[in-house]
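Q: fold the following.
(chains A, B and C)
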Amino acid sequence: MKEVLKYGLILSAICLIASGLLAGVYSFTKPQIDKQAQNEIDKALTQVVPQANRFEPVQSTDEILYYRGYDKNNKLAGFIFKARAKGYSSTIETLVGLSLQKKIIAIKVIAQNETPGLGSRVTEKTFIQQFTNKNANELSNVSAISGATISSSAVIASVKEKLEKIQNILK
Amino acid sequence: MKFDSKEFIKGLIKENPTFVLALGLCPTLAVSTALTNGLGMGIAATFVLIGSNIFISLIKNIVPDKIRIPCYIVVIATFVTITELFMKAYSPALNRALGIYVPLIVVNCIVLGRAEAYASKSSVSNSIMDALGMGLGFTLALLLISGIREILGLGTFFGYKIIKSYEPMFIFALPSGALLVIGLLMGFLNLLKNKKT
Amino acid sequence: MNKLTVSYSPHLHTNQSCAKIMWSVFASLLPAGIAAIFIFGAAALWVILLGVISALVTEGLLQYFNKKKITLSDGSAALTGLLLSYNLPANSPWWLVVIGSFFSVFIGKQIFGGLGQNIFNPALVGRVFLMTCWPKYMTNFMKPLDAGINFFKSFNYDAVTAATPLMMAKEGKAVIDISYWDLFLGKHGGCLGEVCILALLAGALFLLLKKYISWHIPIIYIATVGVFSWIFGSKGLFSGDFLFSILSGGLILGAFFMATDYVTSPLTRKGQAIFAAGCGILTVVIRLWGGYPEGVSYAILMMNAATPIIDRYTKNRIFGR
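A: Below you'll find the predicted structure:
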């Protein structure tokens, strides 16, 4: 019994020191980490709506529906939303930037884990650039990548579906 | 304090953690896709190794044998979390590239292996040398593997394209390519060793 | 390593040599190659020649530098090169063929210690390596030559690409315009050695008659694929296309010429049956639910890996025990 107590004390002492150390490091790095996370989101958002430099999330009860992008004169410059669909071997997440006319400015695949060399080609410029300047109806003109039909069709379909769903509530 | 350079040098080649001790292969396979990742992982693991080796060498006389493993793990996990927090704060891109493998340094066999096999029995100064040697040996191995994989698998060197018309061999960007490279390198090193003797 | 010693006891002595069997298999594969040259033109010939020659050169150089006896005449390297080239599209770039051949012989065979020591079928190792490295080139199949363009006119022919029947099936497109007869003769896109079933069967028949291969592995393999494809058809249970699943893809080539490789398949009949059924099930699983349209090469390689275990549990009972 005495031994157990001794072991417990030593272990808790070590844990106490460890947690103290961690608490210190955590509070020291917290502001920097938050700043980096915000930067990262802004950077991704800027890539799909290059005119904007300030972004504001529009939320329903608990999730972010879309972002509004404002340019440097604080005028609304575009909208950004996230589309996601199951590709060949992973869920492909795409960030879509929309102009005020509800036409696509640019898209960016932000997360995918498709077969390298085949499905992963959805991140390539030649595919991505096809989306520029298209509205929801014109998206069927985007051609899939040969050899990566499933992945690229998933991206096209997910963007189209989300765009059709969301374009009437954007404002 | 007396620093023994022998303790440092042994980790580089003779007891190289990756190629000779075959420790910590899981993170090696996973993160050695590009040189920056390999370097980042190597430095992170070295930092954790140094921290945990010093600490464990310091508390080796206080910690009873029966509870040494939980104590070591707490120490190691602390240093890993510190590393992760700093990485998130100052190098988020690297943190994202290494992903889950940063927190997984906790269970990297090199760290616990050195704590158990070396630091818990040695002086602080020697433990530092051991950690430096092992860490550097691990980093060198990672650089070698990730260098080969990045050049063949992506056609780049530290992110810069070398040959324009090169068609990357994707297998080397995948875990199967990592196994292939590690296997061939181990075989090659054994071949050299056998030739010497 | 010259004599065939690939079975558990009891043994019988024959005058078969390894080289004789290897060259016979090589010869039995030639009809399929000639058919490929008819179907795809000169491009196919280059790929075949390049595959065989670079495999021979690799084997010779490796044995020379390792100071081993150079055994090019046993035909195993030539066979590996030939089988590899049969697993490539006819319009492969030259470096694809050379690197594939090199990898097959070096990593697939010599690194394990040469003929008889390898765990995996070398040609398939090369194919899977290329498939993982350059999927773009490995899935870019040439369309058969148009009518009116014969071999001699095909030297400057610009290849048109076509999807294989299995790729179309996987993407959910109906394969209406290809008849079983076209599949049987090889008038569709695909790896150059796998398309002409007729020529492959002719070669296989020769091997079976000569008793160089037994029917167990190929027939069980093909039957398993057929039955499972039929059961798990796209339109519900028991609606699959039995014949289509057999005639498309590399099944015939794989079942007769690669799954039957002495070195990498089990030794006893019972073991061979398990091996073949395993190949069949894996092939269907990959075709239907896997990441690639064709699964023959992966299925055979996986079962190659399982061969030692199969051998251990199906060993013949020693007489009297």
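
Q: off-centre distance for the host helix or strand of residue B:128?
A: Residue B:128 belongs to helix B:124-154 when assigned by DSSP states H and E. Mean-position distance between helix B:124-154 and its chain equals 5 Å (Cα atoms, centre = their mean, to the nearest Å).

Q: other SSEs contacting that helix?
A: helix B:5-9, helix B:25-31, helix B:35-59, helix B:109-117, strand B:156-157, helix B:175-196 (3 or more Cβ pairs under 8 Å, 6 or more residues apart in numbering or on different chains; DSSP states H and E). From N, CA and C alone the C-beta is placed, and that goes for glycine too.

Q: is residue A:95 in a helix, a strand, or coil?
A: Following DSSP: H, G, I helix; E, B strand; the rest coil, the label given to residue A:95 is strand.

Q: with mean pLDDT, mean neighbour count and distance to residue C:225 added, can I get the helices and strands packed on helix B:124-154 in JSON lines?
A: Shown next, in JSON lines, are these (pLDDT from 0 to 100; neighbours: other Cβ atoms under 10 Å in any protein chain shown; distance: least, Cβ to Cβ, whole Å):
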{"stretch": "helix B:5-9", "mean pLDDT": "83", "mean neighbour count": "15", "distance to residue C:225": "58"}
{"stretch": "helix B:25-31", "mean pLDDT": "84", "mean neighbour count": "20", "distance to residue C:225": "33"}
{"stretch": "helix B:35-59", "mean pLDDT": "91", "mean neighbour count": "23", "distance to residue C:225": "41"}
{"stretch": "helix B:109-117", "mean pLDDT": "88", "mean neighbour count": "21", "distance to residue C:225": "43"}
{"stretch": "strand B:156-157", "mean pLDDT": "87", "mean neighbour count": "14", "distance to residue C:225": "42"}
{"stretch": "helix B:175-196", "mean pLDDT": "89", "mean neighbour count": "14", "distance to residue C:225": "25"}
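
Q: and those as TSV, adding distance to residue A:110?
A: Below are the helices and strands packed on helix B:124-154 laid out as TSV (distance: least, Cβ to Cβ, whole Å):
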stretch	distance to residue A:110
helix B:5-9	43
helix B:25-31	21
helix B:35-59	19
helix B:109-117	33
strand B:156-157	21
helix B:175-196	23
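
Q: contact partners for residue B:55?
A: Residues counted as contacts of residue B:55 (Cβ atoms under 8 Å, 6 or more residues apart in numbering or on different chains) are B:75, B:79.

Q: let's see it at 6 Å
A: With contact set as Cβ atoms under 6 Å, 6 or more residues apart in numbering or on different chains, residue B:55 has these partners: residue B:75.

Q: how near is it to chain C?
A: Going from residue B:55 to chain C by Cβ to the nearest Cβ, to the nearest Å gives 43 Å.

Q: please apply the same query to residue B:137.
A: Residue B:137 is 26 Å from chain C, by Cβ to the nearest Cβ.

Q: could you count how many residues lie near that residue?
A: By the criterion of other Cβ atoms under 10 Å in any protein chain shown, residue B:137 has 27 neighbours.

Q: tell me the confidence at it?
A: With respect to pLDDT, residue B:137 scores 92.

Q: just checking, what packs against the worst-scoring helix or strand of chain A on mean pLDDT?
A: Least confident helix or strand of chain A, by mean pLDDT, DSSP states H and E, is strand A:54-59 with a mean of 82. Strand A:54-59 is packed against strand A:64-70, with contacts defined by 3 or more Cβ pairs under 6 Å, 6 or more residues apart in numbering or on different chains; DSSP states H and E.

Q: partners of the strand it packs on in the sheet?
A: Using DSSP bridges, strand A:64-70 pairs in its sheet with strand A:54-59 (antiparallel), strand A:76-86 (antiparallel).

Q: what's near enough to touch the most centrally placed residue in chain B?
A: Chain B has residue B:138 as the residue nearest its centroid, 3.7 Å off, counting by Cα atoms, centre = their mean. Listed by Cβ under 6 Å, 6+ apart, the contact partners of residue B:138 are B:17, B:42, B:45.

Q: now do residue A:156
A: Counting by Cβ under 6 Å, 6+ apart, residue A:156 makes contact with residue A:142.

Q: 7 Å - rerun?
A: Going by Cβ atoms under 7 Å, 6 or more residues apart in numbering or on different chains, residue A:156 touches A:139, A:142, A:144.

Q: with mean neighbour count and distance to residue C:296 as extra columns, can I get the strands paired with strand A:64-70 in TSV?
A: Formatted as TSV, the strands paired with strand A:64-70 follow (neighbours: other Cβ atoms under 10 Å in any protein chain shown; distance: least, Cβ to Cβ, whole Å):
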stretch	mean neighbour count	distance to residue C:296
strand A:54-59	14	50
strand A:76-86	20	27
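
Q: check contacts around residue A:134.
A: The contact partners of residue A:134, by Cβ under 7 Å, 6+ apart, come to A:103, A:104, A:141, A:142.

Q: burial measure for the second one, as a count.
A: By the criterion of other Cβ under 10 Å, residue A:104 has 23 neighbours.

Q: can you check the first one too?
A: Neighbours of residue A:103 under the rule other Cβ under 10 Å: 17.

Q: ends of stretch C:284-294, how far apart?
A: End-to-end distance for stretch C:284-294: 9 Å, by Cα to Cα, to the nearest Å.

Q: buried residues in it?
A: The neighbour-count check on stretch C:284-294 (16 or more other Cβ atoms under 10 Å in any protein chain shown) flags C:284, C:286, C:287, C:288, C:290, C:292, C:293, C:294 as buried.

Q: any part of it near chain A?
A: Yes: using Cβ under 7 Å from any Cβ of the partner chain, stretch C:284-294 reaches chain A at residue C:291.

Q: got the contact list for that stretch?
A: The contact list for stretch C:284-294, computed with Cβ under 7 Å, 6+ apart, reads A:88-89, A:115, C:164, C:166-167, C:170, C:225, C:228-229, C:232, C:249-250, C:295, C:298-299.

Q: if you set the cut-off to 6 Å instead, what comes out?
A: Contact with stretch C:284-294 is made by A:89, C:166, C:167, C:170, C:225, C:228, C:229, C:232, C:249, C:295, C:298, as judged by Cβ under 6 Å, 6+ apart.

Q: which pair in the residues you listed spans the largest distance?
A: Greatest spacing in those, by Cβ to Cβ: A:89 and C:225 (23.6 Å).

Q: who's more crowded, these two?
A: Using other Cβ under 10 Å, the more surrounded residue of residue A:89 and residue C:225 is residue C:225, with 29 against 17.

Q: quick check, that one in a strand?
A: No: judged by three-state DSSP, residue C:225 forms no part of a strand; its state is helix.

Q: now do the same contact list for the residue nearest to it when sequence neighbours are not counted.
A: Nearest in space to residue C:225, with sequence neighbours left out and distances taken as Cβ to Cβ, 6 or more residues apart in numbering or on different chains, is residue C:280 at 4.6 Å. Residues near residue C:280 by Cβ under 6 Å, 6+ apart: C:221, C:224, C:225.

Q: please repeat the previous calculation with a cut-off of 10 Å.
A: C:220-229, C:251, C:255, C:259, C:296, C:299, C:303 (Cβ atoms under 10 Å, 6 or more residues apart in numbering or on different chains).

Q: I'd like the next helix or strand past the helix or strand that it is a member of.
A: Element membership for residue C:280 (DSSP H and E) is helix C:269-289. Sequence order places helix C:296-313 as the next helix or strand after helix C:269-289, per DSSP H and E.

Q: next, the distance between the ends of stretch B:168-178.
A: Stretch B:168-178: ends 15 Å apart by Cα to Cα.
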